[in-house]
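**Student:** my questions are about this predicted structure, shown below with the sequence.
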Amino acid sequence: MDLLTRPWPWYVAGPIIGLAVPLVYLYAGRKWGISSTFRDVCAATLPRDLDYFRYSWRAQGGWRLTMALGLIFGGFVAGVTRSTDVAVSEATRADLTALGITDFTGLVPAELFAWSALGTVPGIVLIVGGGFLVGFGTRYANGCTSGHAISGLSALRVTSFVAVLGFFAGGLIATHLLLPVLLGGGS
Amino acid sequence: MATGTAQSAATQSSLATRPERLWPYAVIGIVLGIVFTRSEVVSWFRIQEMFRFQSFHMYGIIGSAVAVGAVGVWLIKRFEIRSVTNHPMRIPTDRFEVPGYQYWLGGTAFGLGWGLLGACPGPIYVLIGNGVTVMFVAFLSALVGVWTYGAMRHRLPHS
(Lines give C-alpha, C1' and ligand atoms only; values in the text may rest on other atoms or scores of the structure.)
Protein backbone atom coordinates (compact mmCIF):
# COMPACT_ATOMS: atom_id res chain seq x y z
CA MET A 1 0.00 0.00 0.00
CA ASP A 2 1.06 3.52 -0.77
CA LEU A 3 0.81 4.72 2.82
CA LEU A 4 3.43 2.18 3.89
CA THR A 5 6.13 3.50 1.61
CA ARG A 6 5.23 7.05 0.55
CA PRO A 7 5.37 10.05 2.91
CA TRP A 8 1.96 10.83 4.40
CA PRO A 9 0.40 13.96 2.86
CA TRP A 10 -0.22 17.03 4.99
CA TYR A 11 -4.01 16.60 4.93
CA VAL A 12 -3.65 13.23 6.63
CA ALA A 13 -0.95 14.13 9.15
CA GLY A 14 -2.13 17.62 10.13
CA PRO A 15 -5.67 16.71 11.25
CA ILE A 16 -4.41 13.71 13.28
CA ILE A 17 -1.88 15.96 15.06
CA GLY A 18 -4.57 18.59 15.65
CA LEU A 19 -6.89 16.00 17.20
CA ALA A 20 -4.42 15.62 20.06
CA VAL A 21 -5.56 19.03 21.39
CA PRO A 22 -9.28 18.22 21.96
CA LEU A 23 -8.52 14.60 22.93
CA VAL A 24 -6.19 15.62 25.74
CA TYR A 25 -8.75 18.21 26.91
CA LEU A 26 -11.56 15.68 26.71
CA TYR A 27 -9.71 13.07 28.73
CA ALA A 28 -8.62 15.15 31.72
CA GLY A 29 -8.88 18.83 30.77
CA ARG A 30 -5.16 19.25 30.14
CA LYS A 31 -3.58 21.64 27.63
CA TRP A 32 -1.52 19.65 25.13
CA GLY A 33 2.18 20.50 24.98
CA ILE A 34 5.45 18.62 24.87
CA SER A 35 8.31 20.93 25.84
CA SER A 36 7.35 21.04 29.54
CA THR A 37 8.69 17.47 29.74
CA PHE A 38 12.18 19.03 29.67
CA ARG A 39 11.29 20.98 32.80
CA ASP A 40 9.83 17.82 34.36
CA VAL A 41 13.06 15.90 33.73
CA CYS A 42 15.08 18.73 35.31
CA ALA A 43 12.72 18.79 38.31
CA ALA A 44 13.01 15.02 38.68
CA THR A 45 16.79 14.79 38.45
CA LEU A 46 18.41 18.02 39.63
CA PRO A 47 18.87 19.23 43.20
CA ARG A 48 15.87 21.39 44.02
CA ASP A 49 17.67 24.62 44.73
CA LEU A 50 15.83 26.63 42.06
CA ASP A 51 12.19 27.57 42.63
CA TYR A 52 11.44 26.96 38.94
CA PHE A 53 12.00 23.23 39.49
CA ARG A 54 10.21 22.96 42.84
CA TYR A 55 6.85 21.49 41.89
CA SER A 56 5.26 18.07 41.78
CA TRP A 57 6.59 16.86 38.43
CA ARG A 58 4.85 13.50 38.84
CA ALA A 59 1.37 14.99 39.28
CA GLN A 60 1.83 17.81 36.75
CA GLY A 61 4.06 16.08 34.24
CA GLY A 62 3.42 12.34 34.49
CA TRP A 63 0.97 12.45 31.61
CA ARG A 64 3.29 14.26 29.21
CA LEU A 65 6.35 12.20 30.22
CA THR A 66 4.30 9.10 29.36
CA MET A 67 3.39 10.70 26.04
CA ALA A 68 7.10 11.41 25.40
CA LEU A 69 7.92 7.71 25.94
CA GLY A 70 5.13 6.96 23.46
CA LEU A 71 6.72 9.37 20.96
CA ILE A 72 10.05 7.51 21.23
CA PHE A 73 8.33 4.14 20.75
CA GLY A 74 6.16 5.44 17.89
CA GLY A 75 9.30 6.80 16.20
CA PHE A 76 10.92 3.39 16.58
CA VAL A 77 7.92 1.56 15.10
CA ALA A 78 7.69 3.95 12.15
CA GLY A 79 11.45 4.07 11.68
CA VAL A 80 12.08 0.35 11.27
CA THR A 81 9.52 0.23 8.47
CA ARG A 82 10.54 3.42 6.63
CA SER A 83 12.55 2.96 3.48
CA THR A 84 12.48 5.96 1.14
CA ASP A 85 14.38 9.24 1.09
CA VAL A 86 12.64 12.29 2.52
CA ALA A 87 10.55 13.66 -0.36
CA VAL A 88 11.93 17.16 0.00
CA SER A 89 11.50 19.54 -2.95
CA GLU A 90 14.13 19.79 -5.69
CA ALA A 91 14.70 23.46 -4.81
CA THR A 92 15.58 22.55 -1.20
CA ARG A 93 17.82 19.73 -2.39
CA ALA A 94 19.66 22.16 -4.68
CA ASP A 95 20.05 24.79 -1.92
CA LEU A 96 21.36 22.24 0.58
CA THR A 97 23.67 20.66 -2.00
CA ALA A 98 25.15 24.12 -2.53
CA LEU A 99 25.80 24.20 1.22
CA GLY A 100 27.80 20.99 0.90
CA ILE A 101 25.21 18.44 2.00
CA THR A 102 25.46 15.27 -0.06
CA ASP A 103 23.57 12.57 1.85
CA PHE A 104 19.78 12.79 1.47
CA THR A 105 18.99 9.20 2.45
CA GLY A 106 17.95 9.66 6.09
CA LEU A 107 15.52 11.82 8.03
CA VAL A 108 18.45 14.09 8.89
CA PRO A 109 21.70 14.78 6.98
CA ALA A 110 24.02 11.99 8.09
CA GLU A 111 27.14 14.14 7.82
CA LEU A 112 25.80 16.70 10.33
CA PHE A 113 23.76 14.56 12.75
CA ALA A 114 26.13 11.77 13.69
CA TRP A 115 28.19 11.20 16.84
CA SER A 116 31.32 11.88 14.79
CA ALA A 117 29.91 15.32 13.88
CA LEU A 118 30.24 16.32 17.56
CA GLY A 119 33.94 16.80 16.83
CA THR A 120 33.22 19.49 14.21
CA VAL A 121 32.16 23.11 14.62
CA PRO A 122 28.94 22.77 12.53
CA GLY A 123 27.98 19.60 14.40
CA ILE A 124 28.48 21.25 17.80
CA VAL A 125 26.56 24.39 16.82
CA LEU A 126 23.66 22.50 15.25
CA ILE A 127 23.25 19.72 17.84
CA VAL A 128 24.50 21.24 21.10
CA GLY A 129 23.77 24.91 20.32
CA GLY A 130 20.44 24.16 18.62
CA GLY A 131 19.37 21.86 21.46
CA PHE A 132 20.28 24.48 24.07
CA LEU A 133 18.30 27.21 22.30
CA VAL A 134 15.29 24.92 21.84
CA GLY A 135 15.28 24.15 25.57
CA PHE A 136 15.97 27.70 26.73
CA GLY A 137 13.55 29.27 24.23
CA THR A 138 10.62 26.98 25.00
CA ARG A 139 10.76 27.72 28.68
CA TYR A 140 11.32 31.45 28.22
CA ALA A 141 8.37 31.65 25.78
CA ASN A 142 6.47 29.07 27.84
CA GLY A 143 5.70 26.74 24.97
CA CYS A 144 6.95 25.18 21.74
CA THR A 145 5.42 24.18 18.41
CA SER A 146 2.84 22.00 20.19
CA GLY A 147 1.95 24.29 23.09
CA HIS A 148 1.96 27.60 21.18
CA ALA A 149 1.64 26.93 17.45
CA ILE A 150 -1.00 24.21 17.82
CA SER A 151 -2.63 24.34 21.29
CA GLY A 152 -2.27 28.10 21.69
CA LEU A 153 -3.42 29.07 18.21
CA SER A 154 -6.32 26.59 18.57
CA ALA A 155 -7.43 28.63 21.58
CA LEU A 156 -6.88 31.84 19.52
CA ARG A 157 -4.38 33.35 21.95
CA VAL A 158 -2.59 36.56 20.99
CA THR A 159 0.49 35.59 23.05
CA SER A 160 0.81 32.31 21.16
CA PHE A 161 0.56 34.15 17.85
CA VAL A 162 3.43 36.41 18.91
CA ALA A 163 5.47 33.41 20.06
CA VAL A 164 4.94 31.74 16.67
CA LEU A 165 6.09 34.93 14.90
CA GLY A 166 9.21 34.70 17.08
CA PHE A 167 9.68 31.02 16.12
CA PHE A 168 9.66 32.01 12.45
CA ALA A 169 11.90 35.03 12.92
CA GLY A 170 14.47 32.84 14.65
CA GLY A 171 14.14 30.04 12.11
CA LEU A 172 14.59 32.41 9.17
CA ILE A 173 17.70 33.95 10.76
CA ALA A 174 19.16 30.49 11.42
CA THR A 175 18.39 29.25 7.91
CA HIS A 176 19.36 32.27 5.85
CA LEU A 177 22.09 33.93 7.93
CA LEU A 178 23.68 31.35 10.24
CA LEU A 179 23.69 28.15 8.18
CA PRO A 180 25.48 29.65 5.15
CA VAL A 181 28.25 30.90 7.46
CA LEU A 182 28.44 27.62 9.37
CA LEU A 183 28.41 25.25 6.43
CA GLY A 184 30.47 27.55 4.28
CA GLY A 185 28.89 26.67 0.91
CA GLY A 186 31.20 23.93 -0.29
CA SER A 187 32.29 20.61 1.09
CA MET B 1 -27.22 28.26 25.41
CA ALA B 2 -30.03 25.99 26.59
CA THR B 3 -28.16 22.89 25.51
CA GLY B 4 -25.02 24.10 27.28
CA THR B 5 -26.69 24.61 30.63
CA ALA B 6 -28.65 21.38 30.36
CA GLN B 7 -25.45 19.54 29.61
CA SER B 8 -23.51 21.00 32.52
CA ALA B 9 -26.43 20.38 34.91
CA ALA B 10 -26.53 16.76 33.78
CA THR B 11 -22.82 16.17 34.16
CA GLN B 12 -22.47 18.06 37.40
CA SER B 13 -24.42 15.34 39.18
CA SER B 14 -21.34 13.16 38.81
CA LEU B 15 -18.82 15.62 40.23
CA ALA B 16 -16.44 13.03 41.65
CA THR B 17 -13.29 12.85 39.56
CA ARG B 18 -12.28 9.53 38.14
CA PRO B 19 -8.61 8.55 38.30
CA GLU B 20 -6.57 9.74 35.35
CA ARG B 21 -4.78 6.81 33.74
CA LEU B 22 -1.50 7.16 31.89
CA TRP B 23 -2.06 4.66 29.07
CA PRO B 24 -4.21 7.03 26.94
CA TYR B 25 -1.23 9.39 26.79
CA ALA B 26 1.06 6.53 25.77
CA VAL B 27 -1.35 5.73 22.91
CA ILE B 28 -1.44 9.39 21.81
CA GLY B 29 2.36 9.51 21.94
CA ILE B 30 2.78 6.35 19.85
CA VAL B 31 0.28 7.53 17.21
CA LEU B 32 1.96 10.96 17.04
CA GLY B 33 5.41 9.33 16.85
CA ILE B 34 4.30 7.35 13.82
CA VAL B 35 2.57 10.35 12.19
CA PHE B 36 5.53 12.67 12.85
CA THR B 37 7.86 10.15 11.20
CA ARG B 38 5.67 9.20 8.23
CA SER B 39 4.77 12.79 7.40
CA GLU B 40 8.49 13.64 7.75
CA VAL B 41 7.94 16.59 10.10
CA VAL B 42 10.81 15.20 12.18
CA SER B 43 13.14 15.68 9.21
CA TRP B 44 15.76 18.43 9.28
CA PHE B 45 15.31 18.58 5.49
CA ARG B 46 11.60 19.38 5.88
CA ILE B 47 12.27 22.17 8.38
CA GLN B 48 14.81 23.64 5.97
CA GLU B 49 12.25 23.40 3.17
CA MET B 50 9.73 25.23 5.38
CA PHE B 51 12.08 28.08 6.30
CA ARG B 52 13.01 28.42 2.62
CA PHE B 53 9.32 28.54 1.59
CA GLN B 54 9.88 25.77 -0.95
CA SER B 55 6.92 23.54 -0.17
CA PHE B 56 3.43 23.78 1.27
CA HIS B 57 3.87 20.51 3.20
CA MET B 58 4.79 21.86 6.68
CA TYR B 59 2.42 24.83 6.40
CA GLY B 60 -0.38 22.44 5.44
CA ILE B 61 0.35 20.24 8.44
CA ILE B 62 0.54 23.07 10.98
CA GLY B 63 -2.44 24.88 9.40
CA SER B 64 -4.74 21.85 9.30
CA ALA B 65 -3.67 20.82 12.82
CA VAL B 66 -4.61 24.28 14.12
CA ALA B 67 -7.93 24.17 12.21
CA VAL B 68 -8.88 20.81 13.72
CA GLY B 69 -7.65 21.87 17.17
CA ALA B 70 -9.56 25.17 17.02
CA VAL B 71 -12.84 23.47 16.02
CA GLY B 72 -12.35 20.96 18.86
CA VAL B 73 -11.67 23.69 21.42
CA TRP B 74 -14.64 25.74 20.15
CA LEU B 75 -16.99 22.74 20.47
CA ILE B 76 -15.77 21.97 23.99
CA LYS B 77 -16.35 25.58 25.06
CA ARG B 78 -19.62 26.03 23.16
CA PHE B 79 -21.25 22.95 24.66
CA GLU B 80 -19.41 23.16 28.00
CA ILE B 81 -18.28 19.59 27.56
CA ARG B 82 -16.67 18.09 30.65
CA SER B 83 -13.67 15.80 30.59
CA VAL B 84 -14.37 12.07 30.88
CA THR B 85 -12.45 11.94 34.17
CA ASN B 86 -14.36 15.02 35.42
CA HIS B 87 -11.18 17.05 35.82
CA PRO B 88 -11.70 20.76 35.08
CA MET B 89 -11.11 22.04 31.53
CA ARG B 90 -7.93 24.10 31.63
CA ILE B 91 -8.39 25.88 28.31
CA PRO B 92 -6.42 29.16 28.43
CA THR B 93 -8.72 32.09 29.14
CA ASP B 94 -6.09 34.79 28.57
CA ARG B 95 -6.88 35.12 24.87
CA PHE B 96 -6.21 38.84 24.66
CA GLU B 97 -3.34 39.11 27.13
CA VAL B 98 -0.86 41.69 25.85
CA PRO B 99 2.22 39.72 24.81
CA GLY B 100 5.22 40.47 27.01
CA TYR B 101 8.89 40.29 26.04
CA GLN B 102 9.09 36.59 26.83
CA TYR B 103 7.01 35.68 23.79
CA TRP B 104 9.15 37.74 21.39
CA LEU B 105 12.54 36.94 22.90
CA GLY B 106 11.84 33.37 23.99
CA GLY B 107 10.08 32.65 20.71
CA THR B 108 13.00 33.94 18.66
CA ALA B 109 15.52 31.98 20.76
CA PHE B 110 13.44 28.85 20.20
CA GLY B 111 13.19 29.59 16.48
CA LEU B 112 16.98 29.93 16.17
CA GLY B 113 17.31 26.51 17.79
CA TRP B 114 14.55 25.05 15.62
CA GLY B 115 16.27 26.29 12.46
CA LEU B 116 19.67 24.88 13.48
CA LEU B 117 18.60 21.59 15.03
CA GLY B 118 15.72 21.06 12.61
CA ALA B 119 13.64 19.58 15.40
CA CYS B 120 11.36 20.92 18.11
CA PRO B 121 10.79 18.99 21.36
CA GLY B 122 8.37 16.32 20.03
CA PRO B 123 10.58 15.43 17.07
CA ILE B 124 13.65 15.23 19.35
CA TYR B 125 11.98 12.28 21.10
CA VAL B 126 10.72 10.78 17.83
CA LEU B 127 14.17 10.97 16.21
CA ILE B 128 15.76 9.18 19.18
CA GLY B 129 13.17 6.42 18.60
CA ASN B 130 14.02 6.43 14.90
CA GLY B 131 17.61 5.58 15.76
CA VAL B 132 19.12 9.05 15.33
CA THR B 133 20.79 8.50 18.70
CA VAL B 134 22.89 11.66 18.57
CA MET B 135 19.62 13.52 19.24
CA PHE B 136 20.05 12.36 22.82
CA VAL B 137 22.87 14.91 23.01
CA ALA B 138 20.43 17.58 21.74
CA PHE B 139 17.99 16.44 24.43
CA LEU B 140 20.64 16.80 27.17
CA SER B 141 21.61 20.18 25.75
CA ALA B 142 17.94 21.24 25.82
CA LEU B 143 17.83 20.26 29.51
CA VAL B 144 20.84 22.52 30.12
CA GLY B 145 18.94 25.28 28.29
CA VAL B 146 15.88 24.76 30.49
CA TRP B 147 18.03 24.74 33.63
CA THR B 148 19.74 27.96 32.45
CA TYR B 149 16.33 29.58 32.04
CA GLY B 150 15.31 28.37 35.51
CA ALA B 151 18.49 29.84 36.98
CA MET B 152 18.36 33.27 35.32
CA ARG B 153 14.67 33.87 34.69
CA HIS B 154 14.33 36.55 37.37
CA ARG B 155 16.89 38.60 35.46
CA LEU B 156 15.20 38.19 32.05
CA PRO B 157 12.61 40.64 30.77
CA HIS B 158 9.08 39.28 30.89
CA SER B 159 5.81 41.16 30.47
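**Tutor:** The structure has been received and is ready for your questions. Numbering: from 1, shown residues only, chains lettered A, B, ... in the order given.
**Student:** what about the helices in chain B?
**Tutor:** Ranges of helices within chain B are B:2-12, B:23-38, B:44-51, B:57-78, B:101-117, B:121-129, B:135-152, based on DSSP state H.
**Student:** and the ones you listed, which is most packed in?
**Tutor:** Highest mean neighbour count of the helices of chain B: helix B:121-129, a mean of 29 (counted as mean count of other C-beta atoms under 10 Å in any protein chain shown). (C-beta placed from N, C-alpha, C; glycine too.)
**Student:** ok and that helix relative to helix B:23-38, angle-wise?
**Tutor:** If you take axes from the mean of the first three to the mean of the last three C-alpha atoms, to 10 degrees, helix B:121-129 sits at 80 degrees to helix B:23-38.
**Student:** and helix B:121-129 with helix B:101-117, angle?
**Tutor:** 30 degrees.
**Student:** show me what contacts the closest residue to A:Leu179 other than its chain neighbours?
**Tutor:** In space, A:Leu179 comes closest to A:Leu99 once its chain neighbours are excluded; the distance is 6.5 Å by C-beta to C-beta, 6 or more residues apart in numbering or on different chains. Taking C-beta atoms under 8 Å, 6 or more residues apart in numbering or on different chains, we find A:Leu99 in contact with A:179-180, A:183-185.
**Student:** any low-confidence regions in chain A?
**Tutor:** Along chain A, the model assigns pLDDT under 70 to residues A:1-4, A:185-187.
**Student:** list the contacts of A:Trp32.
**Tutor:** A:Trp32 sits in contact with A:20-21, A:24-25, A:146-147, A:150-151, where contact means C-beta under 8 Å, 6+ apart.
**Student:** and with 10 Å instead?
**Tutor:** A:17-25, A:63-64, A:67, A:146-147, A:150-152, A:154, B:25, B:28, B:32, B:69 (C-beta atoms under 10 Å, 6 or more residues apart in numbering or on different chains).
**Student:** inside helices: which ones of the residues you listed?
**Tutor:** Assigned to helices by DSSP H, the following of the contacts of A:Trp32 qualify: A:17-25, A:63-64, A:67, A:154, B:25, B:28, B:32, B:69.
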